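Chemist: Quick one: sequence plus predicted model below, questions after.
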Amino acid sequence: MMNILIVDDEPMEIDLISKSIDQKQYAIDQVLTATNALLAKKIIATQSVDILLCDIEMPKENGLDLLKWVRQTGRDIQCIFITCHADFSFAQQAMQLGCLDYLLKPVEQAGLDQCLSAAVDRIKRKEDQKKKNIICSLWSRYQPLVVEGFWREILNHKTPSDYASICQAAADFNLEGLEETEILPVLIHARRWLSDLSARDVKIMEFGLKNIAEELLILNESNGLIIDLDHGMFVGLIYLDPDDSLDLQSLREACQKLIEACLQYLACEVTCYIGSPVLSHRLAQMTDELIHLDHENLAGFNRVMTCQDAIGNAGKIGMPNISDWILMLSGRDIEALRSKTHQYFKILADSNAAVSSQDILEIQHHFMQEISRFLHQRGIDVQTVFNQEQSAMLFRNANRSVWDMEQWILHNFDMITAAIESQNSKQTSVEKAKSFIEQNISQTLTCEDIAAHVYLNPIYLNRIFKQEIGMPLMEYLLNKRLDLAKRLLDETNMTVSSIALAVGYSNFSYFSRLFRKCIGVSPMGYRKLQQN
């Protein structure tokens, strides 16, 4: 709805014009009136006015002065002048001020309707243009997100990888023609952060990595975009100009600069994989091939690779000489052992060989076999070495990269060294076992629990315990529990059930039967005998 303001120093003229306006036809909400320019300014300042019907010849401020003020205040009001004289100078000034038209008095109905129709039509056109401008502004602002959404649908296989489906998707996204663009995908993977980061810090660093990649590989949004996939992985989609040849060397150099910048500013090791130019219907397949290449590449950190590089370098890697490592372990030459291990993995990582997940699994299985045989020969329980919480975590991560495998093996060497040192002192192992029993006598204990604490095989610990103490380990544990139970029955008022818990038995009936079997009387009977 619109408002009209009629300004004339003759009230009768205002009344005639007001009655001549069909408000319903022109969607007029209010017809406002003023008898001079000053009053008209107050109305315009306080209310919305869309159309101004104004007499030119008025005392003090005339209609031209009023329209000048309207334009100076920046208001977009359609103005129709009313005049008694068809004066060219008035008409000229009116047109210069953006007046829509002017009418001669007395105002005829046909002329008034024609001018009002023109004014309403102009207002609607401007409103439509304003809406279009807003839409264009929003489209310009959010188009990168729309384009990213289009490519994400393809990369995530939500849009089928056939030409017809992708053309339809381009139309749905209002991106007709983008499906014809030839694209070069570049996979970027942050393989390892060189410092401990919280989840929030990792997100911040990944944001920085994306910005660096956009600056070095894309340059501006018309050349392509960077899409974050997940877990530190990004794919750069570089739009190729059909009139220009692909400068692969320049792209390799840009990727190398990206890697160097990530090392310097983000303390992050990155690998870049350059794919082959494809059209949109083959983009998902090519990107999946690059992701598979990354999954299989467990040594090539801080490198720029292509599918052709990987094919050319594929080959069988040499297994480590674990026998030599075990000799150093037996001789307790730990520094030489760590150096030899690190040297092997460094050569592996620095070589141009493509180290696959299968290669890493073979190293892991080979290591487990050799080390298990060594531990068995030494009487050390394998579970005490490999089943620690940290060991389990490193074992799960070992297959992610050459570096992770090295960390897992070095950790196992530390655990084995500790077990050997514990084993080399029988007295120390027995004393540790006895101390562990004393400190945990109220807990449920098994031979395996105690052996794990001293890094020994349960059978071996039981044997050396019998040699030193004169009885098997579990018999010693039983005697210690019974001795404590008798002391508590004799020296305290604790209930029998509380005493059972205090010496490691949660089942009261079982404790009572065991006590009677070993001592000859029930716990209560023993307490009465001691009190007499």
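Modeler: Cool, got the structure.

Chemist: and stretch 451-470, how far apart are its ends?
Modeler: End-to-end span of stretch 451-470 (Cα to Cα, to the nearest Å): 18 Å.

Chemist: Least confident secondary structure element in the protein?
Modeler: Least confident helix or strand of the chain, by mean pLDDT, DSSP states H and E, is helix 307-313 with a mean of 57.

Chemist: Show me what the helix or strand just after that one is packed up against.
Modeler: Using DSSP states H and E, the helix or strand that follows helix 307-313 towards the C-terminus is helix 322-330. The contact analysis (3 or more Cβ pairs under 8 Å, 6 or more residues apart in numbering; DSSP states H and E) places helix 322-330 against helix 334-350, helix 357-378, helix 402-423. Bear in mind the C-beta positions are built from the backbone N, C-alpha and C, glycine included.

Chemist: Okay, buried residues for the shortest one please.
Modeler: Applying a neighbour-count criterion of 16 or more other Cβ atoms under 10 Å, the buried positions in helix 334-350 are Leu337, Arg338, Thr341, Tyr344, Phe345, Leu348, Ala349.

Chemist: before we move on, what about stretch 2-21?
Modeler: Buried positions in stretch 2-21, judged by neighbour count with 16+ other Cβ under 10 Å: Met2, Asn3, Ile4, Leu5, Ile6, Val7, Asp8, Asp9, Glu13, Ile14, Ile17, Ile21.

Chemist: and the angle from the strand ranked longest in the chain to helix 402-423?
Modeler: Identified as the longest strand of the chain according to DSSP state E is strand 182-193. Here strand 182-193 points in a direction 20 degrees away from that of helix 402-423 (axes from the mean of the first three to the mean of the last three Cα atoms, to 10 degrees).

Chemist: Might you list the low-confidence residue ranges for the stretch 101-250 of the chain?
Modeler: For the stretch 101-250 of the chain, the stretches with pLDDT under 70 are 133-142.

Chemist: Could you rerun that using 90?
Modeler: Residues of the stretch 101-250 of the chain meeting the criterion pLDDT under 90: 101-108, 110-113, 122-148, 161, 163, 170-181, 191-200, 219-223, 230-232, 241-248.

Chemist: For it, which segments count as strands?
Modeler: With DSSP state E, counting those that start in this stretch as the criterion, the stretch 101-250 of the chain has strands at 101-104, 182-193, 224-230, 233-240.

Chemist: Of all the helices and strands packed on helix 322-330, which one is nearest Thr33?
Modeler: Thr33 lies closest, by Cβ to Cβ, to one member of those: helix 402-423, at 84.5 Å.

Chemist: Off-centre distance for that closest one?
Modeler: Relative to the centre of its chain, helix 402-423 is centred 33 Å away, using Cα atoms, centre = their mean, to the nearest Å.

Chemist: elements contacting that helix?
Modeler: Judged by 3+ Cβ pairs under 8 Å, 6+ apart, helix 402-423 is in contact with helix 322-330, helix 334-350, helix 357-378, helix 382-386, helix 389-397, helix 426-439.

Chemist: what's the most buried one of these?
Modeler: Burial of the helices and strands packed on helix 402-423 is given as mean neighbour count (mean count of other Cβ atoms under 10 Å); helix 382-386 ranks first at a mean of 19.

Chemist: Okay, and the spatially closest residue to Leu482 that is not a sequence neighbour sits in which element?
Modeler: In space, Leu482 comes closest to Cys518 once its chain neighbours are excluded; the distance is 5.8 Å by Cβ to Cβ, 6 or more residues apart in numbering. Assigned by DSSP H and E, Cys518 belongs to helix 508-519.

Chemist: what separates the helix or strand following that helix from the chain centre, distance-wise?
Modeler: For helix 508-519, the following helix or strand on the C-terminal side (DSSP H and E) is helix 523-531. Put simply, helix 523-531 sits 68 Å off its chain's centre (Cα atoms, centre = their mean).

Chemist: Now do the end-to-end distance for stretch 148-167.
Modeler: Across stretch 148-167, the terminal residues are separated by 16 Å (Cα to Cα).

Chemist: What lies in contact with it?
Modeler: The list of residues contacting stretch 148-167 from outside it, by Cβ atoms under 8 Å, 6 or more residues apart in numbering, reads 169-170, 173, 175, 178-179, 225, 227, 229, 235, 237, 280-285, 287.

Chemist: hmm, back to that, just tell me which of the helices and strands packed on helix 322-330 ends up closest to Ala37.
Modeler: Nearest to Ala37 among these is helix 402-423 (82.9 Å), distances taken as Cβ to Cβ.

Chemist: List the buried residues in the closest one.
Modeler: Under the neighbour-count criterion of 16+ other Cβ under 10 Å, helix 402-423 has 402-406, 408-409, 411-413, 415-416, 419-420, 422-423 buried.

Chemist: same thing with stretch 516-532?
Modeler: For stretch 516-532, the buried set under the neighbour-count rule, 16+ other Cβ under 10 Å, comprises Ile519, Pro523, Tyr526, Arg527.

Chemist: any idea how far the second one is from Leu529?
Modeler: The spacing between Pro523 and Leu529, counted by Cβ to Cβ, to the nearest Å, is 11 Å.

Chemist: Likewise for the first one?
Modeler: Taking Cβ to Cβ as the measure, Ile519 falls 10 Å from Leu529.

Chemist: Now do the shared contacts for those two.
Modeler: Residues touching both Ile519 and Leu529 (Cβ under 8 Å, 6+ apart): none.

Chemist: related to what we said a few turns ago, sort out for me which of the buried residues of stretch 2-21 are in helices.
Modeler: Judged by DSSP state H, the buried residues of stretch 2-21 include Glu13, Ile14, Ile17 as members of helices.

Chemist: pLDDT added to those residues, as CSV?
Modeler: Listed next are those as CSV, based on pLDDT from 0 to 100:
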residue, pLDDT
Glu13, 89
Ile14, 89
Ile17, 89
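
Chemist: can you list those in CSV and add distance to Ile363?
Modeler: Conversion of these to CSV gives the following (distance: Cβ to Cβ, whole Å):
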residue, distance to Ile363
Glu13, 101
Ile14, 98
Ile17, 96
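
Chemist: Could you list the buried residues of the helix or strand encompassing Leu461?
Modeler: Element membership for Leu461 (DSSP H and E) is helix 458-469. Residues Pro458, Tyr460, Leu461, Asn462, Arg463, Ile464, Phe465 are the ones in helix 458-469 that count as buried (16+ other Cβ under 10 Å).

Chemist: Farthest pair within those residues?
Modeler: The largest separation in the buried residues of helix 458-469, counting by Cβ to Cβ, is between Pro458 and Ile464 at 11.3 Å.

Chemist: follow-up on the earlier one: closest to Glu475 among the buried residues of stretch 516-532?
Modeler: Ile519 (14.9 Å).

Chemist: rewinding a little: let's have the helices and strands packed on helix 322-330 in a markdown table, adding distance to Val147 and mean pLDDT.
Modeler: Compiled in a markdown table, the helices and strands packed on helix 322-330 are given as follows (distance: least, Cβ to Cβ, whole Å; pLDDT from 0 to 100):
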| stretch | distance to Val147 | mean pLDDT |
| --- | --- | --- |
| helix 334-350 | 38 | 84 |
| helix 357-378 | 34 | 84 |
| helix 402-423 | 37 | 83 |
